[in-house]
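Participant: Need coordinates for the following:
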Amino acid sequence: MTTIRRFTCDDLFTFNDVNMDVLTETYNMHFYLQYMARWPEYYQLAEGPGGHTMGYIMGKAEGLGEKWHGHVTAVSVAPEFRRQQLAGKLMDLLEEVTDATHHGYFVDLFVRVSNAVAIGMYTKFGYSVYRRVLGYYSSEEDAFDMRKAMSRDVHKKSVVPLDRPIQPYELEYD
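Facilitator: Got it, this is the predicted structure:
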């Protein structure tokens, strides 16, 4: 049985197995604590029997006007718990918070262009590529900015793809 609950400070000592995946971004302690303090509703942990950490999601609300949205900062599931629809459940929770609590226009996320498995998963969840961000990752790898419109974006304007790639400095940080 899986329980999904809010992430706590103590959980920072239990999620190393989840973060060991080469495609999972790992941040410093201050970064995790900042998200926990500012956007606790977006920071969820999936816990299995015996308190074993199965996966987590962290995100935030950002933007102004029609760019007000939820952002998936990280979603990761431990290898032994993949292909059990856990990532989908975590994403559903983040989307629900964005839609019902924050009334965002869309949810976005960044994914490495080489991560075909994740791109396929996000596509299955209803996300589409909005734009390519050149050299987004520290390894100079490009990212896809993928988006999914929420109910507030009735005409789905937030997910109409851009016709050119952008540089990281062109990203909107509100």
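
Participant: so what's the backbone phi/psi at Phe15?
Facilitator: phi -100, psi 10 (degrees, to the nearest 10).

Participant: got a list of what it touches?
Facilitator: 45, 53, 56 (Cβ atoms under 8 Å, 6 or more residues apart in numbering). Where you see a C-beta, it was placed from the backbone N, CA and C, and this is true even at glycine.

Participant: Most neighbours among these, which one is it?
Facilitator: Tyr56 (24 neighbours; other Cβ atoms under 10 Å).

Participant: quick one: secondary structure of that one?
Facilitator: strand (DSSP: H, G, I helix; E, B strand; the rest coil).

Participant: Check which helix or strand Leu45 maps to.
Facilitator: Following DSSP states H and E, one finds Leu45 within strand 44-47.

Participant: quick revisit: dump the contacts of Phe15 into a markdown table; add distance to Lys157 and pLDDT as well.
Facilitator: Listed next are the contacts of Phe15 as a markdown table, based on distance: Cβ to Cβ, whole Å; pLDDT from 0 to 100:
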| residue | distance to Lys157 | pLDDT |
| --- | --- | --- |
| Leu45 | 34 | 93 |
| Thr53 | 38 | 87 |
| Tyr56 | 31 | 91 |
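
Participant: Which one of those is nearest to Phe81?
Facilitator: Set against Phe81, the nearest of the contacts of Phe15 by Cβ to Cβ is Thr53 (9.3 Å).

Participant: ok, now which ones touch the closest one?
Facilitator: So Thr53 contacts 11, 14-15, 17-18, 45-47, 78 (Cβ under 8 Å, 6+ apart).
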